[in-house]
Each structure stands twice: as C-alpha cells, then as structure tokens.
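Student: My questions concern the predicted model and sequence given below.
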Amino acid sequence: MLLWSYFCVVFTDPGVVPPSWRPASDEEQQQERNAISLSLLAAIIALFVSSLRHTFCLCPFSSKHEADCGFNSGGRCVLKMDHHCVWVNCVGALNYKYFLLFLFYTFLETSLVTLLLMPHFIAFFSEEEIPGTPGTLATTFLAFVLNLAFALSVMGFLIMHISLVSANTTTIEAYEKKTSPKWPYDLGRKKNFEQVFGMDKKYWLIPAYSEEDLRRMPELQGLEYPSKPDFDSQDF
C-alpha cells in the first residue's frame with residue numbers, strides 16, 4: 001500500500017487549469033477579480049516575510065487556489081496546490097489523497113519496524129551477551145533509530161495535514177488565511193474529508209476513486225468547490 005500510494009503521487013498529474021476555462025458569468029467573474037485582488041495583495045506581503053517558493057496567478061476562483069509550480073509542471077498553475085516535495089514533486093488537487101495515504105502507510109510501516117526492533121534495542125542496554133556480529137548489531141541499532149525518527153516526523157506531518165483536511169484548506173492557504181477572518185470553503189469536517197477522499201468509504205484507504213465519486217463530485221477534479229451558502233464574498 002505504501003508503494004502503491006507513492007507511485008500514484010509521483011505519476012499522477014496534480015491538476016492544472018484547463019486552457020479553455022472561462023468564468024460562468026460576468027457576476028462570478030467580478031467576484032473572482034475582487035477575491036484575486038485581495039489574494040494578490042496578501043501574497044505580495046507574504047513574499048516579503050516568507051521563503052516559500054511559489055507565485056500566484058489569475059486563475060479560476062472556484063478552484064480555491066492555484067500556485068505556480070515550476071519544478072515539474074512547466075510553470076503551469078497547479079490546482080489546489082499544497083506544496084512541492086522533493087520526494088514526490090508537486091502535490092495538488094488530483095494527487096493530494098494519494099500523498100496523505102503515502103504518509104499514513106509510511107507511518108504504519110516505520111512504526112511496525114520500530115516495534116519489531118525495540119526488543120533488540122533494549123537488549124543493547126542489558127548486561128546479557130547479545131548474539132550476532134558487530135556489523136549486524138550496529139545495523140539493527142541504526143535501523144531502530146532511523147525508523148523511530150521517521151515514524152515521529154511523519155506522524156507530526158500527518159497530524160498537520162489531517163488538521164488541514166478538516167478545515168478544507170492547503171498548506172499555502174493556511175498561511176494566507178492569517179490575513180482573512182473567514183474561510184468560505186469550510187463545510188464541516190465530514191464534507192471537507194469527502195472532498196479529498198470521496199464519499200465511497202471502500203476507497204478511503206485505497207489510492208483510487210470510485211467511478212461514481214468521480215462522476216458526482218466535481219471537486220475531485222479540482223475546478224469546482226462548494227462554499228458556505230450564507231457566505232458574503234465582500235467579507236473575504
């Protein structure tokens with residue numbers, strides 16, 4: 001499952017704005033311009049205090065957020081871009097679920113190895129004689145330390161992303177939200193979770209989506225995201 005999730009992250013395009021995309025109406029286009037103006041202003045301020053390597057562009061507001069990822073997308077606008085990772089390249093709308101599953105199964109794998117090696121690690125500090133060659137003992141000791149370190153670090157990273165999913169935001173958006181008192185896309189934890197993992201529970205732990213979810217949930221394509229019905233765009 002770890003390898004399956006990893007290869008899905010790497011080989012799945014994070015999603016980009018289609019060249020033929022146009023706003024649905026003049027009213028939506030004006031709302032988009034207003035929101036983009038505020039977003040660009042916040043982005044300019046953020047660039048002075050942050051070392052994050054991303055830029056912002058005039059793309060569909062209905063896609064929540066777009067950022068320019070020049071590493072592996074040819075400078076294209078990545079839909080709902082979360083971050084760029086040296087291990088998996090850009091993480092966006094279409095491979096974010098796979099990235100989260102990759103973190104989850106990496107945490108399980110490293111935790112399992114840590115538990116299996118723990119008796120051998122404890123034996124290092126006992127007075128009993130430990131069987132094995134010096135090379136084998138050193139390898140076992142190092143494997144325990146590295147897996148424990150990876151398990152703890154990935155757990156922290158996973159907890160952070162779980163909190164982002166529960167608020168229906170991304171790493172980049174979480175930073176930008178500091179300049180905005182409201183967030184229109186937070187529809188509750190259950191609906192926020194479904195926008196990433198789909199509604200079919202059988203597929204939640206699998207790096208894939210059901211055909212039914214792909215058909216009835218346009219947000220899984222990264223272009224349309226429902227917002228709160230009582231949300232006033234002028235307050236954003």
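Tutor: Received the coordinates, thanks.

Student: Pull up the per-residue confidence for the closest residue to residue 100 other than its chain neighbours.
Tutor: Excluding the flanking residues, the one nearest residue 100 by Cβ to Cβ, 6 or more residues apart in numbering is residue 161, at 5.8 Å. Where you see a C-beta, it was placed from the backbone N, CA and C, and this is true even at glycine. Per-residue pLDDT puts residue 161 at 95.

Student: for residue 21, same thing?
Tutor: In this model, residue 21 carries a pLDDT of 65.

Student: Could you do residue 128 as well?
Tutor: pLDDT, residue 128: 70.

Student: rewinding a little: check contacts around the residue nearest to residue 100.
Tutor: Taking Cβ atoms under 8 Å, 6 or more residues apart in numbering, we find residue 161 in contact with 100, 103, 171.

Student: Closest to residue 138 out of those?
Tutor: residue 103 (29.2 Å; Cβ to Cβ).

Student: So what's the residue count around that closest one?
Tutor: Per other Cβ atoms under 10 Å, the neighbour tally for residue 103 reads 21.

Student: Next one: it from residue 83, what distance?
Tutor: In this view, residue 103 and residue 83 are 12 Å apart by Cβ to Cβ, to the nearest Å.

Student: low-confidence ranges in the protein?
Tutor: For the chain, the stretches with pLDDT under 70 are 21-76, 127, 132, 176-181, 230-236.

Student: secondary structure element for residue 214?
Tutor: helix 211-216 (DSSP states H and E).
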